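Trainee: this one's sequence-less:
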């Protein structure tokens with residue numbers, strides 16, 4: 001009996017001990033719904049925890065140390081619909097989920113196929129950066145999908161923020177240009193298949209790769225081993241900025257020898273895009289190769305080559321749009337039976353990234369990348385010397401020039417329109433550039449062989465080296481540590497490059513707006529004769545050295561997660577002039593002063609888990625940001641001057657969200673507030689009415705109120721606040737409703753200082769403060785609403801429709817016109833007394849134009865078939881079904897610099913005509929289509 005009792009006790013102890021060590025968790029296998037084959041490298045996440053796993057080659061995964069209780073399991077893979085499964089984790093037991101079937105996300109074809117960029121979104125300066133409306137590719141968040149695909153066609157910006165306040169990376173390497181802070185999307189344009197592996201963070205939320213900005217982060221991962229093995233070929237047709245696209249991609253997967261590779265290539269082209277004369281040609285290729293040496297070390301090499309050339313289209317005044325239509329483009333003309341565009345943008349900047357992945361131990365990883373990018377960006381245009389302006393929309397060619405004429409009577413300007421001349425204005429019969437006339441003018445020039453017209457490009461040749469390293473360490477079950485450091489070194493060569501002498505043999509490099517030595521672009525080479533391929537006009541380097549570092553701690557607990565992060569950066573800029581300019585003989589040649597900006601940032605946030613489906617999330621950030629090189633050198637083409645008293649921007653941001661995640665309903669509502677202080681913005685334009693006498697010898701005229709200027713707006717504050725909501729509800733197994741709403745108020749929050757850099761005077765003149773406070777930030781809808789339905793049939797076809805209402809989009813205002821100078825009677829060059837002008841009269845010209853709201857309806861759909869192990873399918877969409885005309889942006893012309901000028905310019909408008917220098921507008925596309933045919937195998 002005693003032995004029996006002891007034996008029983010021993011067995012019970014063993015059983016109790018065994019029960020105490022039994023793991024608690026889940027397991028399962030993931031397969032493709034069509035092929036029923038196991039899927040490798042599928043990401044399985046236990047939501048609101050640090051537990052993440054990837055399926056093996058057999059599609060299997062397992063978690064063996066999960067907290068007991070209700071959990072939500074998210075299963076995701078690029079190109080497939082997310083699966084969110086509620087699971088009850090039982091103590092001492094591995095819950096087998098069985099086979100989890102992943103259905104192809106046919107709607108991902110929209111993400112892979114359709115990126116709509118309107119002309120006004122595309123940057124035209126030397127940086128080549130593109131100021132697109134937020135992130136180009138949507139996340140699975142309902143609001144972000146609507147912002148990218150539905151609102152984006154009207155230039156909607158998430159939270160009203162420019163892309164320079166976000167961070168875009170490839171394999172941890174920052175892609176934002178140092179010159180203007182924005183990413184150059186064209187550097188990987190056309191490689192949609194190859195760049196589909198992405199991670200996003202919204203706002204100032206935490207990223208494992210960078211401290212980021214207040215708009216969010218986008219990390220593109222091109223590591224070869226994470227691509228699903230297989231091939232894909234597609235062919236597309238559209239009527240947007242290009243007409244045709246071919247694309248092919250192949251991924252090998254990791255073989256038994258530890259090698260994996262991916263290659264992708266595409267071509268996009270159009271003889272003429274949506275707007276007149278906008279030709280398009282782009283070729284892109286990406287190759288990524290990975291070698292896995294062992295479980296701890298892998299090396300990946302990614303190379304991207306994307307060259308593209310596109311013809312631009314012009315912004316136009318209301319007069320031009322009414323005469324010629326909103327698709328009219330003044331930049332092209334007929335030559336030898338084809339449309340030739342004078343304003344081409346050519347981008348060719350190959351990129352190579354070498355990344356080392358080091359798994360130091362089970363808890364710590366170190367990823368290090370070095371990257372090198374070089375190449376060129378060119379923006380072409382016409383130049384001329386003592387010849388007629390070839391622009392068909394030059395103001396003297398328009399009817400409004402004659403209807404706004406004034407004659408001085410008793411030294412007072414009186415409106416004296418010439419309607420007969422207006423009816424015969426050149427633009428009414430000659431609306432395009434006359435290439436043949438320029439060739440004739442060059443051929444008939446009295447100085448034989450000397451061109452008085454030529455085509456040139458503003459050229460930027462960059463060489464950028466980047467080194468980046470990111471450390472991730474799981475310090476404990478509750479604490480994750482991220483850190484990173486990055487160094488970038490840039491040498492940017494900027495110059496004018498002669499492209500075409502238009503039948504001539506040479507061009508003399510002197511400036512017709514000056515006399516004497518001031519005409520010379522380079523006193524060291526006076527009266528330089530240039531030919532095709534030569535540099536002229538301006539020639540200089542911009543040098544930059546930028547260091548960024550950050551640390552971040554993320555804490556995960558049962559009811560609350562939170563994070564804290566901090567950053568430090570140092571930016572050093574310098575200009576080096578290669579020409580000794582005649583206007584600035586002592587400050588243009590050689591290396592200028594170095595300027596250094598040191599900046600820091602702090603941010604933190606928390607997620608409170610109300611239940612397994614209800615969450616409250618909040619984030620706050622404060623950081624400083626170095627001004628871009630573009631805004632640091634106000635007259636970089638001619639001298640080494642640095643913007644006076646320039647300082648770093650101060651940025652603060654806070655947001656709070658309620659999030660619901662359920663099997664049928666997913667929703668997010670976010671309120672946000674951000675403030676940007678001490679920003680600097682620089683613009684260039686030709687101004688009239690300044691009435692500033694030039695310095696002796698700088699102009700052929702004794703005094704002129706007309707001159708080319710750089711406008712410097714300093715200490716500018718911006719305030720952005722609003723609410724964004726996204727809802728997705730699965731009404732039935734086949735019908736889903738999606739709704740999104742954005743309500744924002746984006747305003748200027750102070751009266752900044754305005755000054756003008758005037759070459760005729762060789763000085764920067766302070767015009768005092770500009771009354772910009774409470775004016776709206778321009779060029780984007782500040783309200784946007786979307787409602788859509790999607791039907792997904794069991795047999796792999798689907799159709800969707802959405803209606804979108806976009807409102808509160810405003811014109812970009814002239815800062816100079818809001819200074820006291822605008823009403824300064826002493827500086828009025830036309831003798832019109834400003835005494836007695838009422839406030840109503842004085843302010844009617846300064847009211848900011850608000851564009852009409854617009855409702856756009858879109859249709860999308862697709863179908864796929866599985867045949868002999870291959871997937872065939874198509875995707876089609878129609879945007880702006882009812883072909884609505886709408887303005888996406890525009891700007892006041894700063895040419896009229898005082899009240900008298902503007903008053904005279906409005907005379908034609910008041911008489912039922914048009915202004916000569918009215919605002920110029922950009923328009924969205926009309927009805928457009930996109931059709932994509934593809935095969936996956």
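Mentor: It's in. These numbers were taken from a predicted model, which means no experiment stands behind them.
Trainee: which helices and strands does whichever strand or helix holds residue 437 pack with?
Mentor: Under the criterion of DSSP states H and E, residue 437 resides in helix 435-443. If contacts are counted by 3 or more Cβ pairs under 8 Å, 6 or more residues apart in numbering; DSSP states H and E, helix 435-443 sits against strand 332-335, strand 453-474. The C-beta positions use only the backbone N, C-alpha and C, and glycine is treated the same way.
Trainee: Go through stretch 657-669 and flag the buried ones.
Mentor: 657, 659, 661, 666-669 (16 or more other Cβ atoms under 10 Å).
Trainee: Correct me if wrong, but residue 908 is in a helix.
Mentor: Yes: according to DSSP: H, G, I helix; E, B strand; the rest coil, residue 908 belongs to a helix.
Trainee: Next up, the contacts around it.
Mentor: By Cβ atoms under 8 Å, 6 or more residues apart in numbering, the contact list for residue 908 reads 400, 403-404, 417, 914-916.
Trainee: any chance of the helices and strands packed on helix 435-443 in a markdown table, with mean neighbour count too?
Mentor: Shown next, in a markdown table, are the helices and strands packed on helix 435-443 (neighbours: other Cβ atoms under 10 Å):
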| stretch | mean neighbour count |
| --- | --- |
| strand 332-335 | 19 |
| strand 453-474 | 20 |
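Trainee: pLDDT below threshold where in the stretch 701-850 of the chain?
Mentor: For the stretch 701-850 of the chain, the stretches flagged by pLDDT under 70 are 701-707, 824-839, 841.
Trainee: Let me see the ranges of the strands in it.
Mentor: 707-730, 735-748, 753-758, 763-769, 783-792, 797-807 (DSSP state E, counting those that start in this stretch).
Trainee: Could you say which of those is packed most deeply?
Mentor: strand 753-758 (a mean of 22; mean count of other Cβ atoms under 10 Å).
Trainee: out of the contacts of residue 908, who's nearest residue 562?
Mentor: residue 915 (55.8 Å; Cβ to Cβ).
Trainee: For residue 902, see how far away the closest one is.
Mentor: The spacing between residue 915 and residue 902, counted by Cβ to Cβ, to the nearest Å, is 9 Å.
Trainee: Also residue 500?
Mentor: 38 Å.
Trainee: can you check residue 843 too?
Mentor: 12 Å.
Trainee: Compare the two and say which is more crowded by neighbours.
Mentor: residue 902 (21 against 10; other Cβ atoms under 10 Å).
Trainee: In what element of secondary structure is that one found?
Mentor: Residue-wise, residue 902 maps onto helix 899-910 under DSSP H and E.
Trainee: How about that helix, which residues are buried there?
Mentor: The neighbour-count check on helix 899-910 (16+ other Cβ under 10 Å) flags 899-909 as buried.
Trainee: Ok, stretch 347-361 next?
Mentor: 347-349, 351, 353, 355, 357.
Trainee: Check the offset of that stretch from the chain's centre.
Mentor: Distance of stretch 347-361 from the chain centroid (Cα atoms, centre = their mean, to the nearest Å) equals 22 Å.
Trainee: ok, now stretch 912-924?
Mentor: For stretch 912-924, the distance to the chain centre is 26 Å (Cα atoms, centre = their mean).
Trainee: Could I get the buried residue list for that stretch?
Mentor: Within stretch 912-924, the residues that count as buried by 16+ other Cβ under 10 Å are 913-924.
Trainee: Quick check: next helix or strand after the helix holding residue 902?
Mentor: Next in sequence after helix 899-910, counting helices and strands by DSSP H and E, comes strand 920-923.
Trainee: Mind listing the strands the very next helix or strand once past that next one pairs with, and their directions?
Mentor: Beyond strand 920-923 in the direction of the C-terminus, DSSP H and E gives the next helix or strand as strand 928-936. Partners of strand 928-936 in the sheet, by DSSP bridges, are strand 230-238 (antiparallel), strand 870-879 (antiparallel).
Trainee: I'd like these laid out as CSV, including mean neighbour count, distance to residue 479 and mean pLDDT.
Mentor: Shown next, in CSV, are these (neighbours: other Cβ atoms under 10 Å; distance: least, Cβ to Cβ, whole Å; pLDDT from 0 to 100):
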stretch, mean neighbour count, distance to residue 479, mean pLDDT
strand 230-238, 18, 39, 95
strand 870-879, 19, 43, 92
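Trainee: a markdown table please, covering these and showing distance to residue 756.
Mentor: Below are these laid out as a markdown table (distance: least, Cβ to Cβ, whole Å):
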| stretch | distance to residue 756 |
| --- | --- |
| strand 230-238 | 43 |
| strand 870-879 | 42 |
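Trainee: Go through those strands and name the closest to residue 141.
Mentor: For the strands paired with strand 928-936, proximity to residue 141 was assessed by Cβ to Cβ; strand 870-879 is nearest, at 20.2 Å.
Trainee: could you point out which element follows the closest one?
Mentor: Per DSSP H and E, the first helix or strand lying C-terminal to strand 870-879 is strand 887-891.
Trainee: tell me what that next one is packed against?
Mentor: In terms of contacts (3+ Cβ pairs under 8 Å, 6+ apart), strand 887-891 is packed against strand 920-923.
Trainee: switch to 10 Å and redo it
Mentor: Here strand 887-891 touches helix 318-324, strand 920-923, going by 3 or more Cβ pairs under 10 Å, 6 or more residues apart in numbering; DSSP states H and E.
Trainee: The last one: partners in the sheet, and parallel or antiparallel?
Mentor: Applying DSSP bridges, strand 920-923 is found paired with strand 316-317 (antiparallel), strand 887-891 (antiparallel).
Trainee: thinking again about what came up before, need the helices and strands packed on helix 435-443 in CSV with distance to residue 800 and mean pLDDT, can you?
Mentor: Listed next are these as CSV, based on distance: least, Cβ to Cβ, whole Å; pLDDT from 0 to 100:
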stretch, distance to residue 800, mean pLDDT
strand 332-335, 37, 97
strand 453-474, 38, 97
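Trainee: now those strands in TSV, with distance to residue 858?
Mentor: Below are the helices and strands packed on helix 435-443 laid out as TSV (distance: least, Cβ to Cβ, whole Å):
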stretch	distance to residue 858
strand 332-335	30
strand 453-474	37
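Trainee: Out of these, flag the one nearest residue 197.
Mentor: Short answer: strand 453-474, nearest of the helices and strands packed on helix 435-443 by Cβ to Cβ, at 16.5 Å.
Trainee: Please state the offset of that closest one from the chain centre?
Mentor: In terms of Cα atoms, centre = their mean, the centre of strand 453-474 is found 15 Å from the chain centre.
Trainee: same deal with stretch 421-432?
Mentor: Distance, centroid of stretch 421-432 to centroid of chain: 38 Å (Cα atoms, centre = their mean).
Trainee: Next secondary structure element downstream of the lowest-mean-pLDDT helix or strand in the chain?
Mentor: Ranking every helix and strand in the chain by mean pLDDT, DSSP states H and E puts helix 2-21 at the bottom, with a mean of 50. The helix or strand immediately downstream of helix 2-21 is strand 25-32, counting by DSSP H and E.
Trainee: and that next one, what's its mean pLDDT?
Mentor: Per-region confidence: strand 25-32 scores 87 on mean pLDDT.
Trainee: relative to strand 453-474, how tilted is the helix holding residue 437?
Mentor: Here the directions of helix 435-443 and strand 453-474 differ by 120 degrees (axes from the mean of the first three to the mean of the last three Cα atoms, to 10 degrees).
Trainee: quick one, phi/psi of residue 225?
Mentor: Backbone torsions of residue 225, given as degrees, to the nearest 10, read phi -70, psi -20.
Trainee: Who are the contact partners of the nearest residue to it once chain neighbours are set aside?
Mentor: Nearest residue to residue 225 in three dimensions, chain neighbours excluded: residue 260, at 4.4 Å (Cβ to Cβ, 6 or more residues apart in numbering). Contact analysis of residue 260 by Cβ atoms under 10 Å, 6 or more residues apart in numbering lists 223-227, 229, 251-254, 288-292, 298, 300.
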